[in-house]
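Chemist: Need coordinates for the following:
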Amino acid sequence: MTDFAHFLAALFWYGVFILLPGGAFSIAIHFLLSLPMRRRDRALFFLDLVDTVLQRGQPLEPAILAAAENHDRAIGVRFYMMAAHIEGGARLGEALEKEPRFLPPQINAILRAGEKLGDLKKVLPACREVLRIAPDTVRSTTHYMVAILLIFAPVACWVISLLSIFVLPKFKDVFAGANVQVWPLAVFVFNLDHFNILVGFEMLVFCALLAVAVIYIGGPGFVRWFQFREVPVVDWITWRIPWKQKKLQRTFSAMLAVLLDGGVPEAEAVRLAGDSTANEICRRRARRVIIALENGTKLEDAVRAFDDTGEFHWRLTNATHAHGGFLNALRGWHEALDARAFQQEEAATHMLTSGLVILNGLVVALIAISMFGMLVMILKATIAAT
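Modeler: Numbers count the residues shown, from 1 in each chain. Okay, here's the model as predicted:
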């Protein structure tokens with residue numbers, strides 16, 4: 001009976017110290033990693049609501065207020081804050097401007113541009129294009145990076161620190177007493193300065209992955225905190241990331257096509273399309289296109305100021321001679337941009353995670369080889385002495 005009581009006590013403490021913290025940690029990880037997908041689902045719900053109301057020919061603002069009366073928590077608190085602005089007499093565009101974190105910045109800008117156009121229905125396809133999710137491989141690799149961040153890097157720092165504090169001094173005492181020659185590799189690795197470099201490297205990896213995880217989980221609303229209007233650092237970095245640049249080009253091209261098909265003047269269409277990207281670099285390039293238009297340049301030639309590669313120029317040139325509207329003519333261009341963006345994003349995430357695994361593996365291998373090498377030298381010295 002005593003042994004059984006000890007077993008139950010061990011089982012209880014195992015649940016308290018292992019299962020409960022592990023379960024809480026798993027729930028927290030799931031909650032954090034699912035935040036971007038929940039934001040996307042809320043945006044898609046709102047777009048479906050707008051599409052349904054417009055299909056029925058009903059006024060949009062009363063329908064939003066009616067949806068808010070359901071008090072569904074899955075919609076998110078910011079939806080009700082936006083509905084409160086509408087209840088106070090604001091139009092949809094004004095409510096979105098007062099509550100900018102309800103929708104992603106590009107969706108927000110596109111809907112406001114569609115309201116200025118006078119036909120929200122035409123811009124909804126462009127909104128859905130922005131919300132298109134990355135392939136499963138890209139998302140799983142991103143989640144894998146977060147797992148490395150939350151598990152391996154801190155554990156590696158902790159283990160290396162324990163080795164430097166408790167294990168290495170004992171090994172040095174044993175070697176000093178046995179008068180054994182130490183491997184040069186072990187001397188290099190277990191040098192205190194070099195050990196601090198290893199710890200610093202792991203901390204650098206941890207901080208870099210932490211930044212990536214925070215940006216991924218926080219989303220556009222969090223990143224915008226680091227944006228400065230005069231010096232748009234975030235927008236500049238976004239434009240310099242190849243797959244982000246292609247997605248911005250797709251958004252600009254899709255909105256420009258929608259606006260041109262809607263009969264908006266070219267200069268105004270370019271301005272609204274630039275605003276729809278929610279990126280200051282794109283807005284500046286759009287202003288350069290507008291200046292070229294004002295100087296008498298044709299649109300298909302003026303867009304050279306937006307795309308350095310020149311591909312958008314000949315795509316738009318072909319679209320002007322095609323039938324069925326600009327959006328249909330440029331659909332292949334948009335799909336090509338999506339495919340390239342997904343390919344580059346997948347390649348970058350795989351290269352990053354593989355590189356981190358290899359680098360961490362090299363650190364572990366150096367420590368393991370040096371430790372076993374020292375043990376081998378001690379055994380050899382012991383055998384020779386006997």
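
Chemist: where do the helices sit along the stretch 1-150 of the chain?
Modeler: Counting by DSSP state H, counting those that start in this stretch, the stretch 1-150 of the chain has helices at residues 2-14, 20-33, 35-56, 60-68, 77-87, 92-98, 105-117, 120-130, 136-147.

Chemist: The third one - contacts with which helices or strands?
Modeler: Judged by 3 or more Cβ pairs under 8 Å, 6 or more residues apart in numbering; DSSP states H and E, the packing partners of helix 35-56 are helix 60-68, helix 105-117, helix 120-130, helix 192-223. Placement of C-beta: from N, CA and C, glycine included.

Chemist: Recalculate using a threshold of 10 Å.
Modeler: For helix 35-56, the elements it packs on are helix 60-68, helix 77-87, helix 105-117, helix 120-130, helix 136-147, helix 192-223, judged by 3 or more Cβ pairs under 10 Å, 6 or more residues apart in numbering; DSSP states H and E.

Chemist: re earlier: export the helices of the stretch 1-150 of the chain as JSON lines, with columns for mean pLDDT, distance to Gln343 and mean neighbour count.
Modeler: Output for these, formatted as JSON lines (pLDDT from 0 to 100; distance: least, Cβ to Cβ, whole Å; neighbours: other Cβ atoms under 10 Å):
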{"stretch": "helix 2-14", "mean pLDDT": "69", "distance to Gln343": "46", "mean neighbour count": "9"}
{"stretch": "helix 20-33", "mean pLDDT": "70", "distance to Gln343": "23", "mean neighbour count": "12"}
{"stretch": "helix 35-56", "mean pLDDT": "84", "distance to Gln343": "21", "mean neighbour count": "16"}
{"stretch": "helix 60-68", "mean pLDDT": "86", "distance to Gln343": "38", "mean neighbour count": "16"}
{"stretch": "helix 77-87", "mean pLDDT": "87", "distance to Gln343": "33", "mean neighbour count": "18"}
{"stretch": "helix 92-98", "mean pLDDT": "85", "distance to Gln343": "33", "mean neighbour count": "18"}
{"stretch": "helix 105-117", "mean pLDDT": "83", "distance to Gln343": "21", "mean neighbour count": "22"}
{"stretch": "helix 120-130", "mean pLDDT": "79", "distance to Gln343": "17", "mean neighbour count": "20"}
{"stretch": "helix 136-147", "mean pLDDT": "58", "distance to Gln343": "10", "mean neighbour count": "16"}
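
Chemist: what would these look like in TSV with distance to Ala286?
Modeler: Formatted as TSV, these follow (distance: least, Cβ to Cβ, whole Å):
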stretch	distance to Ala286
helix 2-14	62
helix 20-33	35
helix 35-56	24
helix 60-68	27
helix 77-87	27
helix 92-98	19
helix 105-117	12
helix 120-130	16
helix 136-147	29
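
Chemist: nearest to Ala336, of those helices?
Modeler: Nearest to Ala336, of all the helices of the stretch 1-150 of the chain, is helix 120-130, at 13.1 Å by Cβ to Cβ.

Chemist: Show me what the closest one packs onto, helices and strands only.
Modeler: Counting by 3+ Cβ pairs under 10 Å, 6+ apart, helix 120-130 packs on helix 35-56, helix 105-117, helix 242-261, helix 266-276, helix 326-329, helix 331-385.

Chemist: Can I get that helix as CSV, trimmed to CA atoms?
Modeler: Only the C-alpha atoms of helix 120-130 are listed here, as CSV (Å, rounded to 0.1, in the frame of the first residue of the first chain):
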residue,chain,number,x,y,z
LEU,A,120,-17.4,48.7,-53.4
LYS,A,121,-18.4,45.5,-55.3
LYS,A,122,-15.7,46.1,-57.9
VAL,A,123,-12.8,46.2,-55.3
LEU,A,124,-13.8,43.1,-53.3
PRO,A,125,-11.9,40.7,-55.6
ALA,A,126,-8.8,42.8,-55.0
CYS,A,127,-9.3,42.6,-51.3
ARG,A,128,-9.6,38.8,-51.4
GLU,A,129,-6.4,38.7,-53.4
VAL,A,130,-4.6,40.5,-50.6
